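J.: All I have is the shape, not the residue letters:
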Ligand SMILES: [Zn+2]
């Protein structure tokens, strides 16, 4: 079976990115008219920004509207229950209402899905794959999201939810399951339990493809799961409120933006859209009729990479989850995130421990990387400083310290500036 090529929506996925954006702009225009007329919160939001729906004709126009962060949506729902004025259809057109931590209530209209089909297909799922869906079916939409998507692809599924590894193992074997949907860490636990029972997951199970989301997927975890099961593991990025936003293809190297939503990377302070490669908040506009979201701030950080992908999909790639906005520190006018420092240091195994410090000297920010290393030499120091400047776009001084100097508290970035 060919699991590595082909497209679910060939017409759309192979269109140039400009054409895809033009389609999104048209859908945006239709959505604005409907949402402004039926969702009071969106009407208010437009009035406050001084625009009418017809002013928003292109994706660039969207930047005229403010970002609504998740915390604000929680607040708006609390002040104006139950949906904060975002419901844009009468209640008899609402099929389900989900509750996510916050609390936040997300209504789902009839015939409105979350778009994971495209992601599952790109991950190698094909019609006829018997799957276990280990996401939960209660309260939050995760279980239902993948239930819908697998159904649309023609994949029979067992709604197992999370837990009970013994039964998961029994199902994997009895039904010759070929597809897994859930968290990679849970699949690893299932594999480890199987090994304790004397089974070899690669031999005794027929698992071919696994799709994971809702947690970061380090290379080491992916390699462990792929090795243990002899299966391909691919990941996607999305949220409970928005559904699928991006997903990996066979080639990996980032996650293609899904065609179903407008995903922007925006300055977490001003909401201004950022350019390719710049790290910022993932901001989402959804075309849902029942529950239109306009520049919804997910609080997650990422960046977009526009280089071409060998798979033939034309949408750019999200670099993956790069942390949460509330962990950002602004240094020399640029946002810096602990994960960016960790990523830059990954290429230097000689550096055994490090901590970045932000201080202030003569009214200027200073970034210093204090590092413990097995090879204290000036060549390494220069290479490290160059790497930091390139990947963080902020100059940093490297300072060697004796082994055991740095506290082992896992802290990567410390802001020592005093502003009083
Ligand atoms: Zn690709």
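T.: All right, it came through fine. Just so we're clear, the structure is a prediction, and the values are computed from it rather than from any experiment.
J.: Quote the end-to-end distance of stretch 359-366.
T.: End-to-end distance for stretch 359-366: 5 Å, by C-alpha to C-alpha, to the nearest Å.
J.: That stretch: which residues count as buried?
T.: Within stretch 359-366, the residues scored as buried using 16 or more other C-beta atoms under 10 Å are 365-366. Heads up, the C-betas are built off the backbone N, CA and C, glycines and all.
J.: begin at 18 from here
T.: Noted, 18 is the first residue going forward, which turns the last one into stretch 376-383.
J.: Run through who's touching it.
T.: 348-349, 375, 385, 414, 433-435 (C-beta atoms under 8 Å, 6 or more residues apart in numbering).
J.: Which ones among these map onto strands?
T.: Using DSSP state E, the subset of the contacts of stretch 376-383 located in strands is 348, 375, 385, 414.
J.: What segments of the stretch 168-317 of the chain are strands?
T.: Here the stretch 168-317 of the chain has its strands, by DSSP state E, counting those that start in this stretch, at 174-175, 196-199, 226-229, 249-256, 260-264, 272-274, 278-283, 297-303, 310-319.
J.: export those to TSV and tack on mean pLDDT?
T.: Shown next, in TSV, are the strands of the stretch 168-317 of the chain (pLDDT from 0 to 100):
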stretch	mean pLDDT
strand 174-175	98
strand 196-199	98
strand 226-229	98
strand 249-256	96
strand 260-264	97
strand 272-274	98
strand 278-283	96
strand 297-303	96
strand 310-319	94
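J.: now the ones you listed in TSV, with distance to the ion and mean neighbour count?
T.: As requested, the strands of the stretch 168-317 of the chain are arranged in TSV below (distance: least, C-beta to the ion, whole Å; neighbours: other C-beta atoms under 10 Å):
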stretch	distance to the ion	mean neighbour count
strand 174-175	25	18
strand 196-199	20	28
strand 226-229	15	26
strand 249-256	11	24
strand 260-264	9	27
strand 272-274	6	25
strand 278-283	16	22
strand 297-303	19	25
strand 310-319	16	22
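J.: hmm, back to that, between the contacts of stretch 376-383, which sits nearest the ion?
T.: residue 348 (33.3 Å; C-beta to the ion).
J.: Can you report how many residues neighbour that closest one?
T.: Residue 348: 20 surrounding residues under other C-beta atoms under 10 Å.
J.: these two touch, right, it and residue 411?
T.: Yes: with contacts counted by C-beta atoms under 8 Å, residue 348 reaches residue 411, the gap being 5.6 Å.
J.: Quickly list what's touching both of these two.
T.: With C-beta under 8 Å, 6+ apart as the test, residue 348 and residue 411 both reach residue 384.
J.: Quick check: the farthest pair among the contacts of stretch 376-383?
T.: Checked with C-beta to C-beta, these reach their widest spread between 414 and 435, with 19.7 Å between them.
J.: quick one: which of those two has more around it?
T.: Between residue 414 and residue 435, residue 414 has the larger neighbour count (other C-beta under 10 Å), namely 13 against 7.
J.: List the residues that contact that one.
T.: 383-386, 402.
J.: Quick check, pLDDT for it.
T.: For residue 414, the pLDDT comes out at 94.
J.: Same check on residue 437?
T.: Residue 437 is assigned a predicted lDDT (pLDDT) of 66.
J.: go on, residue 102?
T.: Listed pLDDT for residue 102 reads 97.
J.: Turn the strands of the stretch 168-317 of the chain into CSV, including distance to residue 162.
T.: Formatted as CSV, the strands of the stretch 168-317 of the chain follow (distance: least, C-beta to C-beta, whole Å):
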stretch, distance to residue 162
strand 174-175, 12
strand 196-199, 9
strand 226-229, 11
strand 249-256, 8
strand 260-264, 6
strand 272-274, 16
strand 278-283, 14
strand 297-303, 14
strand 310-319, 16
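J.: Mind checking those for the one nearest to residue 34?
T.: strand 272-274 (8.9 Å).
J.: Provide the strand pairings for that closest one, with the direction of each partner.
T.: Paired with strand 272-274 in the same sheet, following DSSP bridges, are strand 260-264 (antiparallel), strand 334-335 (antiparallel).
J.: how big is the angle separating the longest one from strand 278-283?
T.: Spelled out, it's strand 260-264. Orientation of strand 260-264 against strand 278-283 (axes from the mean of the first three to the mean of the last three C-alpha atoms, to 10 degrees) gives an angle of 70 degrees.
J.: Need the contact partners of strand 260-264.
T.: For strand 260-264, contacts defined as C-beta under 8 Å, 6+ apart pick out 130-133, 135-136, 139-140, 158, 162, 251-256, 272-275, 277-278, 280, 299, 301, 303, 334-335.
J.: ok, now the last one?
T.: The set of residues that contact strand 334-335 without belonging to it, under C-beta under 8 Å, 6+ apart, is 254, 262-263, 270-274, 280, 299, 319-322, 324, 326.
J.: again, only this time at 7 Å
T.: Residues from elsewhere that reach strand 334-335 (C-beta atoms under 7 Å, 6 or more residues apart in numbering): 254, 263, 270-274, 319, 321-322, 326.
J.: Specify the stretch among the strands of the stretch 168-317 of the chain that is closest to residue 25.
T.: Using C-beta to C-beta, the strands of the stretch 168-317 of the chain put strand 260-264 closest to residue 25, at 10.7 Å.
J.: and the residue lying closest to residue 305 once chain neighbours are set aside, which of the three is it?
T.: Using C-beta to C-beta, 6 or more residues apart in numbering and skipping the chain neighbours, the partner closest in space to residue 305 is residue 129 (5.3 Å). With DSSP: H, G, I helix; E, B strand; the rest coil as the basis, residue 129 sits in coil.
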